[in-house]
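Asks: only the shape, not the letters, is given here:
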């Protein structure tokens, strides 16, 4: 008799990898990104650190084609999702697969519940009954216990930390395969920051996660690999523990020890 499939194995998400090959971005004569080759896969958090103007946010915006909204930018090289150029994908479909959370919380001017189902309704026209989906998304963002009795409140009534976790939950509601985070904790208190970092540790088991942060301590705590960007170049990439203890490049050592940046 054939062995029965293991239910846990059946639920394992398919492998996922997003990355770039020789990605270059230019604005006029200024080269913002200089041939970046970097990838992230399901099961890990990749942090990107570096001073302001290093190209970190521009890199993220290229991954889900948001850079195309800036007509002054010229982009070359390749951005790939599971080996397929993202330019071959419908933009709306790509952004459902590659969710993004920004540095400033951007809740929609509606209730907590409506924030979470707004995107789902656009995708699943005619469907009803999103309560379980809402609960799962809030739980994944470590927000359910705080919000379960406040679903009908305006989202803008929430604290800054709650609004940011709501934005994370809103992105997760679309069941993305990749999560991009651009300084998601920059304006948050330590408790809210810790909750987001804890959520990311669980989310990485089913998502590829790329975290841009100016907080080197956060990168050291939260990530599996870290990339150091400087003036549009990828100076160093490696396991986080090694990069923070024995960096191979002097410029990396100078940055993480605070000698510049």
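Replies: All right, it came through fine. The model shown is predicted, which means the values in this text are computed figures rather than measured ones.

Asks: tell me the SS of residue 38?
Replies: Put simply, residue 38 is strand when judged by DSSP: H, G, I helix; E, B strand; the rest coil.

Asks: what sits against it?
Replies: 19, 20, 46, 59, 227, 234, 237 (C-beta atoms under 8 Å, 6 or more residues apart in numbering). To be clear about C-beta, it is placed using only N, CA and C from the backbone, and glycine gets the same treatment.

Asks: closest one of these to residue 52?
Replies: Checking the contacts of residue 38 against residue 52 with C-beta to C-beta, the nearest one is residue 59 at 13.9 Å.

Asks: show the contacting residues for that closest one.
Replies: 20, 23, 33, 36, 38, 48, 212, 229.

Asks: surely the fourth one and residue 48 touch.
Replies: What that stands for is residue 36. No. In this structure, residue 36 is not within contact of residue 48 by C-beta atoms under 8 Å, at 9.8 Å.

Asks: the two: who's more crowded?
Replies: Higher neighbour count among residue 36 and residue 48: residue 48, with 29 against 24, using other C-beta atoms under 10 Å.

Asks: a strand runs through that one, doesn't it?
Replies: Yes. Per three-state DSSP, residue 48 lies within a strand segment.

Asks: what count of nearby residues applies to residue 123?
Replies: Residue 123 has 13 neighbours, counted by other C-beta under 10 Å.

Asks: for residue 192, same thing?
Replies: Neighbour count of residue 192, defined by other C-beta under 10 Å: 20.

Asks: out of the contacts of residue 59, which is nearest to residue 74?
Replies: residue 33 (10.7 Å).

Asks: which strand or helix spans that closest one?
Replies: Here residue 33, judged by DSSP states H and E, is contained in strand 30-41.

Asks: from the chain's centre, how far out does that strand sit?
Replies: Relative to its parent chain, strand 30-41 has a centroid offset of 16 Å by C-alpha atoms, centre = their mean, to the nearest Å.

Asks: got it, and stretch 238-245?
Replies: Offset of stretch 238-245 from its chain centre (C-alpha atoms, centre = their mean): 20 Å.

Asks: can you check stretch 83-97 too?
Replies: 16 Å.

Asks: still on that earlier bit, neighbour-wise, which one of the contacts of residue 38 leads?
Replies: residue 59 (28 neighbours).

Asks: quick one: the helices in the stretch 51-200 of the chain?
Replies: 56-63, 91-97, 112-123, 131-140, 144-147, 160-172, 190-203 (DSSP state H, counting those that start in this stretch).

Asks: any chance of these in JSON lines with mean pLDDT and distance to residue 257 as columns?
Replies: Output for those, formatted as JSON lines (pLDDT from 0 to 100; distance: least, C-beta to C-beta, whole Å):
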{"stretch": "helix 56-63", "mean pLDDT": "97", "distance to residue 257": "19"}
{"stretch": "helix 91-97", "mean pLDDT": "92", "distance to residue 257": "38"}
{"stretch": "helix 112-123", "mean pLDDT": "90", "distance to residue 257": "41"}
{"stretch": "helix 131-140", "mean pLDDT": "94", "distance to residue 257": "35"}
{"stretch": "helix 144-147", "mean pLDDT": "96", "distance to residue 257": "38"}
{"stretch": "helix 160-172", "mean pLDDT": "95", "distance to residue 257": "29"}
{"stretch": "helix 190-203", "mean pLDDT": "95", "distance to residue 257": "22"}
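
Asks: could I get those as JSON lines with distance to residue 244?
Replies: Converted to JSON lines, the helices of the stretch 51-200 of the chain look like this (distance: least, C-beta to C-beta, whole Å):
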{"stretch": "helix 56-63", "distance to residue 244": "17"}
{"stretch": "helix 91-97", "distance to residue 244": "31"}
{"stretch": "helix 112-123", "distance to residue 244": "36"}
{"stretch": "helix 131-140", "distance to residue 244": "28"}
{"stretch": "helix 144-147", "distance to residue 244": "33"}
{"stretch": "helix 160-172", "distance to residue 244": "25"}
{"stretch": "helix 190-203", "distance to residue 244": "16"}
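
Asks: ok, which of those helices comes nearest residue 28?
Replies: Closest to residue 28 of those, according to C-beta to C-beta: helix 56-63, at 14.0 Å.
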